[in-house]
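> From the sequence below, what's the structure:
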Amino acid sequence: MRVGEVAGASVVVAGAGVSGLAAARALVELGALVTVTDAVPERLTGLPDGVTAGAEDDPLPPGTALVVTGPGRRPDHPLTRAGVPVVGEAELAWWLGAARGRPPRWLVVTGTNGKTTTTEMLAAILLAAGRDAVACGNIGYPAVDAVRAGHEVLAVELSSFQLHWSPSIVPAAGCVLNVAEDHLDWHGSMDAYASAKARALLGPVAVAGIDDARAAALLDTAPALRRVGVTLGEPRPGQLGVVDGVLVDRAFGDAELVEAKAVRPAGPPGVTDALAAAALARADGVAPGAVRSALEAFRPGRHRADPVATVRGVTWVDDSKATNPHAADASLAAVPAGSRIVWIAGGLLKGATVDAVVARHAGRLRAAVVIGTDRSEIVGALARHAPEVPVTEVIAGDDEPMTAAVTRAAALARPGDVVLLAPAAASMDQFRDYAARGDAFAAAVGRLERV
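Now for the predicted structure:
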């Protein structure tokens, strides 16, 4: 369907979240007859003018021409069997942009981990270069709203869900940072998950973290005219990497970009994110000086290896954004050598396993505190690979789960230790989102400071 065909058409927006409401407003502006549904009826209050509320389980209204779905609905959702085209909000944003005389340039970031940091870095670089740019997509600002605002270039974070529901998007440049087990309950297999991520690489410039084997394989098979690898090692021609502690571009000219020690978040994942952001910006013609100034000034958002406090010699770190095992692995690896770790983990594993993470870091664990719905899988992995590590579970009926977890971690930690919230799992079983989980952690640590 083209944007010009939307006027007068009956469109269902499935999901009244941030992206769904943004899509509904855009569709009303285009003249569509819009119905918004949601599994939580309370979310259907205060809908935009011109929008009708509908029940999630009702049949589609007669004559429905299009469904715009929130990203959480799986490919086997009943909506997909109704014989009506189903797309996501990001796809609608692409249609809106394509209908403009000067469509915005999309620079797309995806990957299992590091998407948000890379997208924020990319937006900072573009702004430092004087571009009319904004970070949008899965980062919290819907792509539809960014397109409607008329921005020249979009730094777009897209999840695998969003990419699945966006068959038309062909970015000017796109990046896959890494591919590890995540959302297998949604996609059904690693192959399907990786295939969704690969949609970011369909444009003229494809970028990937080639230290990650799966991402490197996607880059090797991408149809892009220009394929650019980023690596923590010394880059070959056509790559970005690190030479003598300096990030270097050998793909878009031979240029030094910034010292690795200036990059935040510090450590290998942060440097990889910075290289990827630099590659996408350089693909858009940004000069090395803007890359340098932006990355030197950049500081990541909260809940990403965020030091909360030091209490009685114990350092407390909030990495609630580590919502899968791959991210938790990087978070554990980033704890300074010589520190023992009390690990707070657990939540919704989404079909992933933590055995490899536990086995890799068992020797550094002082103890583990396990929370959430899938805690038995984590407890089992600890029993198999770290049987000497004390493990305590926070079970239903305990005090507020994060308060209980922090209290138990405090009892287990010793001066010089790091208590690390790196859950390896999603948060929605016990908290609104990862930010609420991190806020609960910080609040509980704050109460320790007052004891």
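
> Please name the residues that touch the closest residue to I395 other than its chain neighbours.
Nearest non-adjacent residue to I395, counting by C-beta to C-beta, 6 or more residues apart in numbering: R375, 8.0 Å away. Glycine gets a C-beta too; all of them are placed from N, C-alpha and C. Counting by C-beta atoms under 8 Å, 6 or more residues apart in numbering, R375 touches 346, 393-395.

> Also A180?
Each residue near A180 by C-beta under 8 Å, 6+ apart is listed here: 112-113, 212, 214, 324-326, 352.

> from those residues, which is closest to A411?
Distance to A411 across the contacts of A180 (C-beta to C-beta) is lowest for P325, with 26.0 Å.

> count of neighbours near that closest one?
By other C-beta atoms under 10 Å, 29 other residues sit near P325.

> Confirm for me that it is in contact with V357.
Yes: if you go by C-beta atoms under 8 Å, P325 and V357 touch, sitting 4.9 Å apart.

> joint contacts of those two?
A424.

> The residue nearest to D145 when sequence neighbours are not counted is in what secondary structure piece?
Nearest residue to D145 in three dimensions, chain neighbours excluded: A22, at 5.1 Å (C-beta to C-beta, 6+ apart). Using DSSP states H and E, A22 sits within helix 18-29.

> Please apply the same query to A155.
A155 is located in strand 153-157, with elements delineated by DSSP H and E.

> re earlier: please spell out the ChimeraX selection for the buried subset of the contacts of A180.
Applying 16 or more other C-beta atoms under 10 Å to the contacts of A180, the buried members can be selected in ChimeraX as follows:
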select :112,113,212,214,324,325,326,352
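
> from the contacts of A180, which single one is nearest A443?
N324 (24.2 Å).

> end to end, how far does stretch 32-44 reach?
In stretch 32-44, first residue to last residue: 18 Å (C-alpha to C-alpha, to the nearest Å).

> one step back: flag every buried residue along the helix holding A22.
Buried residues in helix 18-29 (16+ other C-beta under 10 Å): 19-28.

> Dump those residues to JSON lines, plus pLDDT and distance to V207.
Shown next, in JSON lines, are the buried residues of helix 18-29 (pLDDT from 0 to 100; distance: C-beta to C-beta, whole Å):
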{"residue": "S19", "pLDDT": "94", "distance to V207": "25"}
{"residue": "G20", "pLDDT": "95", "distance to V207": "30"}
{"residue": "L21", "pLDDT": "95", "distance to V207": "32"}
{"residue": "A22", "pLDDT": "96", "distance to V207": "27"}
{"residue": "A23", "pLDDT": "97", "distance to V207": "28"}
{"residue": "A24", "pLDDT": "97", "distance to V207": "33"}
{"residue": "R25", "pLDDT": "96", "distance to V207": "32"}
{"residue": "A26", "pLDDT": "97", "distance to V207": "29"}
{"residue": "L27", "pLDDT": "97", "distance to V207": "32"}
{"residue": "V28", "pLDDT": "96", "distance to V207": "36"}
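
> JSON lines please, covering those and showing distance to L163.
Output for these, formatted as JSON lines (distance: C-beta to C-beta, whole Å):
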{"residue": "S19", "distance to L163": "14"}
{"residue": "G20", "distance to L163": "17"}
{"residue": "L21", "distance to L163": "21"}
{"residue": "A22", "distance to L163": "18"}
{"residue": "A23", "distance to L163": "16"}
{"residue": "A24", "distance to L163": "22"}
{"residue": "R25", "distance to L163": "23"}
{"residue": "A26", "distance to L163": "20"}
{"residue": "L27", "distance to L163": "21"}
{"residue": "V28", "distance to L163": "26"}
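
> Under the pLDDT cut-off, which ranges of the stretch 201-350 of the chain? List them.
Nowhere does the stretch 201-350 of the chain drop to pLDDT under 70.

> residue boundaries of the strands in it?
Secondary structure of the stretch 201-350 of the chain, counting by DSSP state E, counting those that start in this stretch: strands at 205-209, 226-230, 239-243, 246-249, 255-259, 306-311, 314-318, 341-346.

> Pairing-wise in the sheet, spell out the partners of the residue nearest to D306 when sequence neighbours are not counted.
Nearest non-adjacent residue to D306, counting by C-beta to C-beta, 6+ apart: D318, 4.4 Å away. Judged by DSSP bridges, the bridge partners of D318 are D306, L421.

> for D318, what are its contacts?
Taking C-beta under 8 Å, 6+ apart, we find D318 in contact with 302-303, 305-308, 421, 438, 441-442.

> Kindly report the same for S376.
No contacts exist for S376 under C-beta under 8 Å, 6+ apart.

> Can you check what angle separates the helix or strand where it lies from strand 341-346?
Per DSSP H and E: S376 is located in helix 375-385. Going by axes from the mean of the first three to the mean of the last three C-alpha atoms, to 10 degrees, helix 375-385 is angled at 140 degrees with respect to strand 341-346.

> so how far is helix 375-385 off the chain centroid?
Averaging C-alpha positions (C-alpha atoms, centre = their mean, to the nearest Å) puts helix 375-385 26 Å from its chain's average.

> same thing with stretch 31-43?
Chain-centre distance of stretch 31-43: 26 Å, with C-alpha atoms, centre = their mean.

> Then stretch 425-436?
Using C-alpha atoms, centre = their mean, the offset of stretch 425-436 from its chain centre is 14 Å.

> before we move on, what about stretch 207-227?
Counting by C-alpha atoms, centre = their mean, stretch 207-227 comes out at 19 Å from the chain centroid.

> Tell me the span between the first and last residue of that stretch.
Using C-alpha to C-alpha, the two ends of stretch 207-227 sit 6 Å apart.

> circling back to that earlier point, and which of the contacts of A180 is nearest to A383?
Taking C-beta to C-beta as the measure, A383 lies nearest P325 of the contacts of A180, at 16.7 Å.
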